[in-house]
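Q: need a 3D model of the following:
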Amino acid sequence: MKTLGYIGAFLGGAIAGTALGILLAPEKGSETRTKIGDAVDDFCKKHNIRVSRKEVDDLVDDIKEATDNAND
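A: Next comes the predicted model:
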């Protein structure tokens, strides 16, 4: 069970790192959030992880808020 926690933490960090990289790219915010959501959807499908699109959108919004607060 402990191994699943490590894998989850690694995957979460990888997704967050990718999302931050995309968020800092010079594009419109709405386009960037769409790209992040699509990337998370693709990742979840590839690894057979079931997550609803609403959960993905909520994650993207949380990441956006965290980066906005970090830039202040």
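
Q: next, give phi and psi for His47.
A: phi -100, psi 10 (degrees, to the nearest 10).

Q: could you find the closest non-adjacent residue to it?
A: Nearest residue to His47 in three dimensions, chain neighbours excluded: Leu11, at 7.9 Å (C-beta to C-beta, 6 or more residues apart in numbering). In this view, the C-beta of every residue, glycine as well, is placed from N, C-alpha and C.

Q: okay, the helix or strand that contains that neighbour in CSV with CA atoms only?
A: Leu11 belongs to helix 2-23 when assigned by DSSP states H and E. C-alpha atoms of helix 2-23 as CSV (Å, rounded to 0.1, in the frame of the first residue of the first chain):
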residue,chain,number,x,y,z
LYS,A,2,2.9,2.3,0.8
THR,A,3,4.2,1.8,-2.8
LEU,A,4,0.9,3.1,-4.2
GLY,A,5,1.4,6.3,-2.2
TYR,A,6,4.8,6.9,-3.6
ILE,A,7,3.6,6.2,-7.1
GLY,A,8,0.7,8.6,-6.6
ALA,A,9,3.0,11.3,-5.2
PHE,A,10,5.3,10.9,-8.2
LEU,A,11,2.5,11.0,-10.7
GLY,A,12,1.0,14.0,-9.0
GLY,A,13,4.3,15.8,-9.0
ALA,A,14,4.9,15.0,-12.6
ILE,A,15,1.4,16.3,-13.6
ALA,A,16,1.8,19.4,-11.5
GLY,A,17,5.3,20.1,-13.0
THR,A,18,4.0,19.7,-16.5
ALA,A,19,1.0,21.9,-15.7
LEU,A,20,3.3,24.7,-14.3
GLY,A,21,5.5,24.6,-17.3
ILE,A,22,2.5,24.9,-19.6
LEU,A,23,1.0,27.7,-17.4
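
Q: next SSE downstream of that helix?
A: Counting by DSSP H and E, what follows helix 2-23 is helix 29-46.

Q: pLDDT weak spots in this structure?
A: For the chain, the stretches flagged by pLDDT under 70 are 1-4, 22-23, 25, 27, 70-72.
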